[in-house]
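Enquirer: no sequence on this one, just coordinates:
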Ligand SMILES: C[C@@H](C(=O)O)C(=O)SCCNC(=O)CCNC(=O)[C@H](O)C(C)(C)COP(=O)(O)OP(=O)(O)OC[C@H]1O[C@@H](n2cnc3c(N)ncnc32)[C@H](O)[C@@H]1OP(=O)(O)O
Ligand SMILES: [Co+2]
């Protein structure tokens, strides 16, 4: 794992939280993107070498609406940048982690993504992501 690619924050309303994070970070988000497969609208802020990803539910059965209903707005996942996502899936599976999708799926920002179940990672939802141009 090369670095923390982004930290995902579940929010109720992207517009409101874009304004809040602009006040917090002192810079504008640099893009918004819908990821239909995940049921999310995202926005991204660059923070040095890493990013903050704000996530708003784009449909009722989105993982984000469930998360906010059960817990609250807040940190939803940590995403690690990996060079070879297939190799990392094999390594983590052999190490006993529960992989939610062994076949990488499309994420935001031109990435392939895989999630690990929080019950196998001390309650923290982990995302692996590999740039598609790698
Ligand atoms: C766009 C992309 C990108 O960056 O490119 C993204 O990030 S997309 C980001 C959105 N996509 C995803 O999150 C996809 C991966 N997530 C999932 O498959 C799901 O949300 C699961 C993590 C498997 C949870 O789904 P499930 O239906 O089981 O929900 P549930 O509410 O019954 O939760 C089962 C248990 O997991 C816990 N749980 C649920 N979500 C959690 C989270 N984000 N962090 C920590 N724990 C979490 C619940 O509290 C519960 O614990 P207890 O059992 O103790 O009560
Ligand atoms: Co993410």
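Expert: Sure, I can see it. Here the structure is a predicted model, which is why all the values come from computation and not from measurement. Ligands and ions are numbered 1, 2, ... in the order given.
Enquirer: residue 15 - that's part of a strand, no?
Expert: No - in this structure, residue 15 is helix, not part of a strand, as judged by DSSP: H, G, I helix; E, B strand; the rest coil.
Enquirer: SS state for the residue in the chain that ligand 2 sits nearest to?
Expert: Closest residue of the chain to ligand 2, Cβ to the ion: residue 8 (4.1 Å). Using the backbone N, CA and C atoms, a C-beta is placed for each residue, glycine as well. Secondary structure, three-state DSSP: residue 8 is strand.
Enquirer: if I look at it, how far off is residue 96?
Expert: Shown here: residue 8 relative to residue 96, a distance of 24 Å by Cβ to Cβ, to the nearest Å.
Enquirer: who in the chain is up against ligand 2?
Expert: Where proximity means Cβ under 5 Å from the ion, the interface of the chain facing ligand 2 comprises 8, 53, 79, 127.
Enquirer: I'd say the second one and residue 41 touch.
Expert: Pointing back at residue 53 there. No - taking contacts as Cβ atoms under 8 Å, residue 53 lies outside contact range of residue 41: 10.8 Å.
Enquirer: quick one: buried residues of stretch 102-113?
Expert: 104, 107, 108, 109, 111, 112, 113 (16 or more other Cβ atoms under 10 Å).
Enquirer: same question, stretch 124-134
Expert: For stretch 124-134, the buried set under the neighbour-count rule, 16+ other Cβ under 10 Å, comprises 125, 126, 127, 128, 129, 130.
Enquirer: picking up where we left off before, what about residue 8 and residue 96, which has more around it?
Expert: In this view residue 8 and residue 96 are compared by other Cβ atoms under 10 Å, and residue 8 has more residues nearby, 20 against 7.
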